[in-house]
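Visitor: got a predicted structure plus its sequence, pasted below:
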Amino acid sequence: MFHHRGKSRTYFHNLKLASALSFVAGIVNITGVLSVNVLTTNVTGHFAFFSEEILLNRYRTAFVYLLFILCFLLGSFTSSFIIEFLSKRKKIRPHLIPLLIEILLISLIGLSGFKQVNLQLTPNMVAFILLFAMGIQNSLVTRVSQSVVRTTHLTGLFTDLGIEFSQIFFIKEELKYQQLKKNIFLKLSIILCFFCGCVIGGWLYQIFYIKVLLFASGALLFTIWYDKILYRYYFFKRKLR
């Protein structure tokens with residue numbers, strides 16, 4: 001999912017990547033809404049709220065919404081910077097450090113739900129950290145998939161999906177038609193996994209509250225482990241031929 005780049009990257013690499021990380025984004029999204037009443041996987045709504053607060057002369061609240069936007073931007077910048085820096089050093093997998101940072105941040109918020117940890121975070125601090133983490137994820141996935149996959153918000157996906165559904169009625173060439181069907185299925189998979197993450201995350205939140213984010217961290221760790229095992233399997237399989 002993460003190792004393959006350029007021509008070696010296939011449709012199924014992107015499909016697995018999209019399914020796993022959009023599910024995680026769904027969990028983070030619903031947890032942010034239920035715990036601190038903030039959307040933590042995108043910034044579109046925050047721009048609207050930021051503008052509204054400026055018009056109402058509530059500049060302090062407007063500044064908070066501006067920080068929400070900047071945290072997502074900073075997360076995206078950090079992820080891309082690390083990948084760019086590490087891509088020139090072949091001993092380290094470029095995607096691994098941003099993923100570990102995301103896992104650490106999400107786990108930090110999840111652990112704050114335990115009284116024994118005694119980690120007191122304000123609602124805004126929780127939102128800042130989750131937005132930063134989702135900025136990291138979205139940038140990482142975009143870089144790895146070469147802009148084919150985005151997992152943290154659905155507005156662009158639904159736009160692309162509408163365009164591609166309309167193209168079905170006009171494409172006559174079989175090869176282009178099959179590619180279009182694959183693109184549609186990929187986007188539907190992202191939407192479905194994001195939705196499942198929201199539903200399952202919401203259900204688990206009723207039991208575990210903000211600690212549900214530890215399940216999201218576990219899903220990310222499993223994704224790293226699965227990718228590593230699969231890569232080694234195919235590596236040794238090619239070596240034995």
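Guide: Sure thing, it's come through. Residues are numbered from 1 along each chain as shown.
Visitor: rest of the way, CA atoms for contacts and neighbours
Guide: Fine.
Visitor: list the buried ones in stretch 96-116?
Guide: 96, 98-99, 102-103, 105-113 (16 or more other C-alpha atoms under 10 Å).
Visitor: show me where the chain has its helices.
Guide: Read by DSSP state H, the chain holds these helices, from start to end of the chain: 11-36, 44-55, 59-86, 96-111, 123-144, 155-167, 174-208, 213-240.
Visitor: in CSV: those helices, plus mean pLDDT.
Guide: CSV is the format used below for the helices of the chain (pLDDT from 0 to 100):
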stretch, mean pLDDT
helix 11-36, 83
helix 44-55, 87
helix 59-86, 90
helix 96-111, 90
helix 123-144, 87
helix 155-167, 81
helix 174-208, 86
helix 213-240, 73
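Visitor: need the winner for burial among the ones you listed.
Guide: For those, average neighbour numbers computed from mean count of other C-alpha atoms under 10 Å are highest in helix 123-144, which has a mean of 24.
Visitor: just the CA atoms of that helix, as PDB, please.
Guide: Output of helix 123-144 as PDB, limited to C-alpha atoms (Å, rounded to 0.1, in the frame of the first residue of the first chain):
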ATOM      1  CA  PRO A 123     -11.800  21.000  23.700                       C
ATOM      2  CA  ASN A 124      -9.900  23.400  21.500                       C
ATOM      3  CA  MET A 125      -6.600  21.500  22.200                       C
ATOM      4  CA  VAL A 126      -8.300  18.200  21.200                       C
ATOM      5  CA  ALA A 127      -9.500  19.800  18.000                       C
ATOM      6  CA  PHE A 128      -6.100  21.300  17.200                       C
ATOM      7  CA  ILE A 129      -4.300  18.000  17.600                       C
ATOM      8  CA  LEU A 130      -6.900  16.000  15.600                       C
ATOM      9  CA  LEU A 131      -6.900  18.500  12.800                       C
ATOM     10  CA  PHE A 132      -3.100  18.400  12.600                       C
ATOM     11  CA  ALA A 133      -3.200  14.600  12.600                       C
ATOM     12  CA  MET A 134      -5.800  14.500   9.800                       C
ATOM     13  CA  GLY A 135      -3.700  17.000   7.800                       C
ATOM     14  CA  ILE A 136      -0.800  14.600   8.100                       C
ATOM     15  CA  GLN A 137      -3.000  11.700   6.900                       C
ATOM     16  CA  ASN A 138      -4.500  13.500   4.000                       C
ATOM     17  CA  SER A 139      -1.200  14.800   2.700                       C
ATOM     18  CA  LEU A 140       0.400  11.300   3.200                       C
ATOM     19  CA  VAL A 141      -2.300   9.500   1.300                       C
ATOM     20  CA  THR A 142      -2.300  12.100  -1.500                       C
ATOM     21  CA  ARG A 143       1.500  11.800  -1.900                       C
ATOM     22  CA  VAL A 144       1.600   8.000  -1.800                       C
END
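Visitor: include distance to A48 when you put the buried residues of stretch 96-116 into JSON lines, please.
Guide: As requested, the buried residues of stretch 96-116 are exported to JSON lines (distance: C-alpha to C-alpha, whole Å):
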{"residue": "L96", "distance to A48": "34"}
{"residue": "P98", "distance to A48": "29"}
{"residue": "L99", "distance to A48": "30"}
{"residue": "E102", "distance to A48": "27"}
{"residue": "I103", "distance to A48": "29"}
{"residue": "L105", "distance to A48": "27"}
{"residue": "I106", "distance to A48": "26"}
{"residue": "S107", "distance to A48": "29"}
{"residue": "L108", "distance to A48": "29"}
{"residue": "I109", "distance to A48": "26"}
{"residue": "G110", "distance to A48": "28"}
{"residue": "L111", "distance to A48": "31"}
{"residue": "S112", "distance to A48": "30"}
{"residue": "G113", "distance to A48": "30"}
